[in-house]
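J.: Sequence isn't available, so here's the structure alone:
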């Protein structure tokens, strides 16, 4: 840890907080920081980036541009990231002069599936059986018991990208060729019951808090629905997931908000899938169903403000809003019926300010809150029907 990452006193509102990345997660971080009285600075090359458009300062440069990084450091009292594929070296450069959370070293592990899985094993957290494939020899040595499996690129994979299901050794070899023979991980396919995730926030003094366990539904590799209420997963599973997520964060000496995603197998056991060193899609419900959102936790971690255990006050369902909804009935984009959606009780619309809707592009999310899980689900299904989202 660099000297800049040792914070002796909290960075109080009135200071400027910097974020690498100008996407929707950066935008929501900026909103949270501003609501707490901070100024904000965003580094992103896109002049129309969602976060850059709402920030006090927008440094329009690439993540590896020394002048851009120097300008962000000059403006900011502390820096975070909203995107796991920001070069870890950029975070390490900023950490020479400013507190940075999360640290580049932790982000580097999250960027590499092989390093990530090795970390899980060091922490005693089970993951799916796997093999690394970086050469023809390693490909030839893959054990048959790992098939059928999922071949994933070790780097730059998200939302189902850089993945292929393979049933045989021949399909595995063809898929590796299709991926350009880059470093990959082959994971054994397991009998899944459902998926869940846990978001933890860890301070520099080691204090750690968590959001409730989130039950997730993915479609085409992209999160579609998150449900959060008491009983969404069995209590024993929830306890195991929280303990595993905390172990992963502590093993990284992590500072910041971290999402740990899990597969729940048909026998009820848990295996960790992957981590995201930032706020996460599955935590968006916290904006309307918790007394402290994941984005406020991000602000608290990077500034050294006290961490308090968030409390859930409403059952919640989150619907991811993809660009496909703008093309529900035609090839020409048209605005969804937000007026009908917002007539529903407990509907909270969050749009990201993106200029153009495209299929599979994350355009926003809809949080539904209610007094009971049954009410939240019923309203969420009404909203889904209005928008053309498949029922769940």
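T.: On my side now, so go ahead. Just so we're clear, the structure is a prediction, and the values are computed from it rather than from any experiment. Residues are numbered from 1 along each chain as shown.

J.: Wait, residue 198 touches residue 259, no?
T.: Yes - contact between residue 198 and residue 259 holds when scored by Cβ atoms under 8 Å: they sit 7.3 Å apart. For glycine as for every other residue, the C-beta is placed from the backbone atoms N, C-alpha and C.

J.: Distance-wise, check the residue nearest to the spatial centre of the chain relative to residue 13.
T.: Nearest residue to the geometric centre of the chain (Cα atoms, centre = their mean): residue 280, 2.8 Å. Separation of residue 280 from residue 13 (Cβ to Cβ, to the nearest Å) stands at 25 Å.

J.: picking up where we left off before, give me the distance between the residue nearest to the centre of the chain and residue 381.
T.: Taken as Cβ to Cβ, the span from residue 280 to residue 381 is 23 Å.

J.: next one: residue 308
T.: Computed as Cβ to Cβ, the residue 308 to residue 381 distance reads 33 Å.

J.: Next: residue 200.
T.: Applying Cβ to Cβ, the value for residue 200 to residue 381 is 30 Å.

J.: just residue 334 next, same as before
T.: For residue 334 relative to residue 381 (Cβ to Cβ), the value is 23 Å.

J.: These two: which is more packed in?
T.: Between residue 334 and residue 381, counted using other Cβ atoms under 10 Å, residue 381 has the larger neighbour count: 16 against 12.

J.: Regarding the closest residue to that one other than its chain neighbours, what is its secondary structure?
T.: Nearest residue to residue 381, sequence neighbours excluded (Cβ to Cβ, 6 or more residues apart in numbering): residue 391, at 5.8 Å. Recorded secondary structure, residue 391: coil (DSSP: H, G, I helix; E, B strand; the rest coil).

J.: Make 651 the first number, not 1, from now on.
T.: Done: numbering now begins at 651, and the last item shifts to residue 1041.

J.: got the contact list for residue 1041?
T.: Taking Cβ atoms under 8 Å, 6 or more residues apart in numbering as the definition of contact, the neighbours of residue 1041 are 1031, 1034-1035.

J.: Tell me, how many residues neighbour residue 1024?
T.: Residues contacting residue 1024 under the criterion other Cβ under 10 Å number 11.

J.: Can you give me the separation between it and residue 1031?
T.: Distance of residue 1024 to residue 1031, computed by Cβ to Cβ: 11 Å.

J.: just residue 846 next, same as before
T.: Distance, residue 846 to residue 1031, by Cβ to Cβ: 20 Å.

J.: repeat for residue 684
T.: 34 Å.

J.: quick check: domain ranges of the chain?
T.: 653-750, 779-838, 840-963, 965-1042 (automatic domain parsing).

J.: and the ones you listed as CSV, adding distance to residue 763 and mean pLDDT?
T.: Supplementary listing: the domains of the chain in CSV, determined by distance: least, Cβ to Cβ, whole Å; pLDDT from 0 to 100:
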stretch, distance to residue 763, mean pLDDT
domain 653-750, 12, 94
domain 779-838, 5, 92
domain 840-963, 7, 97
domain 965-1042, 22, 96
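
J.: of all the ones you listed, which lies closest to residue 765?
T.: Distances from residue 765 to each of the domains of the chain were compared using Cβ to Cβ; the minimum, 8.2 Å, belongs to domain 779-838.

J.: what about the closest one, how long is it end to end?
T.: Here the two ends of domain 779-838 are set 6 Å apart, with distance taken as Cα to Cα, to the nearest Å.

J.: do stretch 815-835 as well
T.: With Cα to Cα, one end of stretch 815-835 sits 12 Å from the other.

J.: Of all the residues in it, which ones are buried?
T.: 816, 821-823, 825-826, 829, 833-835 (16 or more other Cβ atoms under 10 Å).

J.: May I ask which two of the residues you listed are separated the most?
T.: Greatest spacing in the buried residues of stretch 815-835, by Cβ to Cβ: 821 and 833 (18.9 Å).

J.: Stretch 851-863: how far from the chain's middle?
T.: With Cα atoms, centre = their mean, to the nearest Å as the basis, the distance from the averaged C-alpha position of stretch 851-863 to the chain average is 16 Å.

J.: quick one: contacts for the closest residue to residue 687 other than its chain neighbours?
T.: If you skip the residues right next to it in sequence, residue 687 has residue 663 as its closest partner in space, 3.1 Å away by Cβ to Cβ, 6+ apart. The neighbourhood of residue 663, defined by Cβ under 8 Å, 6+ apart, consists of 686-688.

J.: Select only the buried ones of these in PyMOL?
T.: Selecting just the buried residues from the contacts of residue 663 in PyMOL takes one command, with 16+ other Cβ under 10 Å as the test:
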select buried, resi 686+688
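
J.: Residue 729: which of the contacts of residue 663 is nearest?
T.: Distance ranking of the contacts of residue 663 against residue 729, using Cβ to Cβ, places residue 688 first at 12.5 Å.

J.: I'd say that closest one and residue 669 touch.
T.: No - with contacts defined as Cβ under 8 Å, residue 688 does not count as touching residue 669, sitting 11.0 Å away.

J.: Can you work out which residues contact both of these two?
T.: Common contact partners of residue 688 and residue 669 (Cβ under 8 Å, 6+ apart): none.

J.: Residue 677 in helix, strand or coil?
T.: Note that with three-state DSSP, the state of residue 677 is helix.

J.: is it true that it touches residue 701?
T.: Yes - contact between residue 677 and residue 701 holds when scored by Cβ under 8 Å: they sit 4.3 Å apart.

J.: before we move on, back to that, counting neighbours, go ahead and name the busier of residue 848 and residue 909.
T.: Comparing residue 848 with residue 909 by other Cβ under 10 Å, the one with more neighbours is residue 848, at 28 against 24.

J.: tell me which element the more buried one falls in.
T.: Under the criterion of DSSP states H and E, residue 848 resides in strand 842-852.

J.: Pull the contacting residues for the residue nearest to the centre of the chain.
T.: When contacts are counted by Cβ under 8 Å, 6+ apart, residue 930 touches 847, 849, 909, 944.
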